[in-house]
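Student: Predicted model and sequence follow; I will ask about them next.
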Amino acid sequence: MTPVELSTLHHKCFSRPRPWSPNEFKHLLESCFLVERSNAFLLGRFTFDDAEILTLAVSPSERRKGVASLLVKDFLLRATKQGVNRVTLEVAEDNLPALALYDSFSFISIGRREGYYKSTNKQNNVAALVLSCDLSLTKQ
């Protein structure tokens, strides 16, 4: 996917804090790892023995078909092959489908960032949960 395609899909999936621009994706792709499926992607990065999922976007028409699970599974397998011990991410605490997805991969909450996802009126800001998955436990 091109930066424009990534941004277009991101705009379909997210409204807060704000969707990412093609230019932001262009720069992220220089240092990040992209896992793609038709109408879906996961963008993450590896740093030594840690990894971070930056964003996961699945077109509304492709949701509830297991696509997000395939993306996460692929990313975790690649992370394990890279020697990664821990994967972290942030997710809006009100994003119940995403929380269920990450729970199915044994991610646990390790922190909370109050008001992380900003709304336009500032009264509906949503906290981010910081989740972590310990891949070293699956390597034994």
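Tutor: Happy to help now that I have it. A quick note: this is a predicted structure, and the numbers were derived from the prediction, not measured.
Student: Just the helices from the chain, written as ranges.
Tutor: Per DSSP state H, the chain carries helices over the ranges 3-13, 22-28, 67-81, 96-104.
Student: Output those helices in TSV, with distance to F48, mean pLDDT and mean neighbour count appended to each entry.
Tutor: Using the backbone N, CA and C atoms, a C-beta is placed for each residue, glycine as well. Shown next, in TSV, are those (distance: least, C-beta to C-beta, whole Å; pLDDT from 0 to 100; neighbours: other C-beta atoms under 10 Å):
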stretch	distance to F48	mean pLDDT	mean neighbour count
helix 3-13	26	93	17
helix 22-28	19	95	16
helix 67-81	12	95	17
helix 96-104	22	96	15
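Student: Could you point out which of these sits nearest L131?
Tutor: When the helices of the chain are compared by C-beta to C-beta, helix 96-104 sits nearest L131, at 5.3 Å.
Student: Same list (the helices of the chain) but as a markdown table, adding distance to S132.
Tutor: Shown next, in a markdown table, are the helices of the chain (distance: least, C-beta to C-beta, whole Å):
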| stretch | distance to S132 |
| --- | --- |
| helix 3-13 | 23 |
| helix 22-28 | 21 |
| helix 67-81 | 12 |
| helix 96-104 | 10 |
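Student: L42: which of those helices is closest?
Tutor: helix 67-81 (4.1 Å).
Student: And the contacts of that closest one?
Tutor: 33, 35, 37, 39-42, 44, 46, 51, 53, 56, 58, 87, 98, 101-102, 104-105, 133, 135, 138-139 (C-beta atoms under 8 Å, 6 or more residues apart in numbering).
Student: Sounds good, over and out.
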